[in-house]
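# Let's see this in three dimensions:
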Amino acid sequence: MLLEGIETLLVLAQEGTMSRAGSRLYISQSAVSKRIAKLEATLGTKLIIPSGRLIKLTPDAHALIKNVGPSFNEIRGLIFEHQNLDDQTIITIDCSETLVAGYLSDALGQYFQHDKYISITTHHTPVIVENVQSGKATIGFCAGHLPTQYRFIAQHLVDEPFKVVFKQPLSALPKAIIANDLKNPSNISQAAVLQKQGITPLMEMDSYTASAQLALAGMIPALVPNSIVKTLGINERFCFEFEELAELTRPIYLIYRQNSYKSPRVKTIIETIADAVATAI
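Here you go, the predicted model:
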């Protein structure tokens, strides 16, 4: 129960509201509140203060997160490694939405015909990393730069190229562009390339699909990875490549804990994903 309460506090600190924390943990808002109340009773201290729809963390909560947070996921991961992955154990694959849509739908659809005990979730790269470290996900399939320190295997598959998408012909680099959340640690390298070329990220979206659709509607050009071009079936006449942006790629990784790879089922899924990406690229 103590680990459950700490996990809830960590998620609540990230999400900011009881409802969003509940959605992330797949429990009700009242269950989140009860878990926090039990943790406060166990520790004998107040951890959160209501602030309208949001919650504020107390100094004791901040101290607890600082001291316990970094090791919590590793503890969960170590517990996960002792679980036996038999033929009917659910194997969770946590993916970037753009990657699973662009490269894996056919491959995993076929794989599911002979192994139905797999589950696919979608998150941004920082959450995928966190879920693999904690054992919430067995395999992560993500794009962008990984944190400098991690305790899992990171199998680099390919560097995915970007294209500039726009409704109108482009004969030169655009001065402004729609980018995707450059504050996200996995995307941060894109900002340096754009700055070097004098391109202003006029808008920062949370969805490459939305960026592409706005560009195809004629708003302003958008920076879109190859997986989205493939998923949306964007015609080549709306896709532009510039030599100055050739270095603008994002690495694609499969990440998993070392002990997980010992499972024949996990190894087969990893090989299936790697082959699908190699074929598509």
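# OK, contacts around Ala31?
Residues in contact with Ala31 (CB atoms under 8 Å, 6 or more residues apart in numbering) are Gly22. The C-beta positions use only the backbone N, C-alpha and C, and glycine is treated the same way.
# residue closest to the middle of this protein?
His124 (2.1 Å; CA atoms, centre = their mean).
# doesn't Asp94 make contact with that one?
No - His124 lies out of contact with Asp94 (CB atoms under 8 Å); the separation is 10.2 Å.
# re the thing from before, could I get the phi/psi values of the residue nearest to the centre of the chain?
phi -80, psi 160 (degrees, to the nearest 10).
# Against Ala191, how distant is the closest residue to it other than its chain neighbours?
Spatially, and ignoring its direct neighbours in sequence, His124 is nearest to Asn184 (6.3 Å; CB to CB, 6 or more residues apart in numbering). Note on Asn184: its distance to Ala191, by CB to CB, to the nearest Å, is 10 Å.
# same question, Leu223
From Leu223 to Ala191 the distance is 11 Å (CB to CB).
# So which of these two has more stuff around it?
Legend: neighbour count by other CB atoms under 10 Å for Leu223 and Ala191, higher for Leu223 (25 against 14).
# Could you give the number of residues near Gly140?
There are 28 residues near Gly140, going by other CB under 10 Å.
# From Met205, how far off is Ile91?
From Ile91 across to Met205, the span is 31 Å (CB to CB).
# Quick check: next helix or strand after the helix or strand of the chain with the lowest mean pLDDT?
When each helix and strand of the chain is scored by mean pLDDT, DSSP states H and E, helix 59-81 comes last, with a mean of 73. Sequence order places strand 91-95 as the next helix or strand after helix 59-81, per DSSP states H and E.
# For that next one, what is the distance to the chain centroid?
11 Å (CA atoms, centre = their mean, to the nearest Å).
# For that strand, name the packing helices and strands.
Secondary-structure packing of strand 91-95 (3 or more CB pairs under 8 Å, 6 or more residues apart in numbering; DSSP states H and E): strand 118-122, helix 125-134, strand 139-143, helix 264-280.
# Mean pLDDT lowest where, among the ones you listed?
When the helices and strands packed on strand 91-95 are compared by mean pLDDT, helix 125-134 comes last with a mean of 86.
# and that one with strand 118-122, angle?
140 degrees (axes from the mean of the first three to the mean of the last three CA atoms, to 10 degrees).
# which helices and strands does helix 125-134 pack with?
helix 59-81, strand 91-95, strand 139-143, strand 249-256.
# can you redo the ones you listed as TSV with distance to Val277?
Formatted as TSV, these follow (distance: least, CB to CB, whole Å):
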stretch	distance to Val277
helix 59-81	25
strand 91-95	12
strand 139-143	9
strand 249-256	6
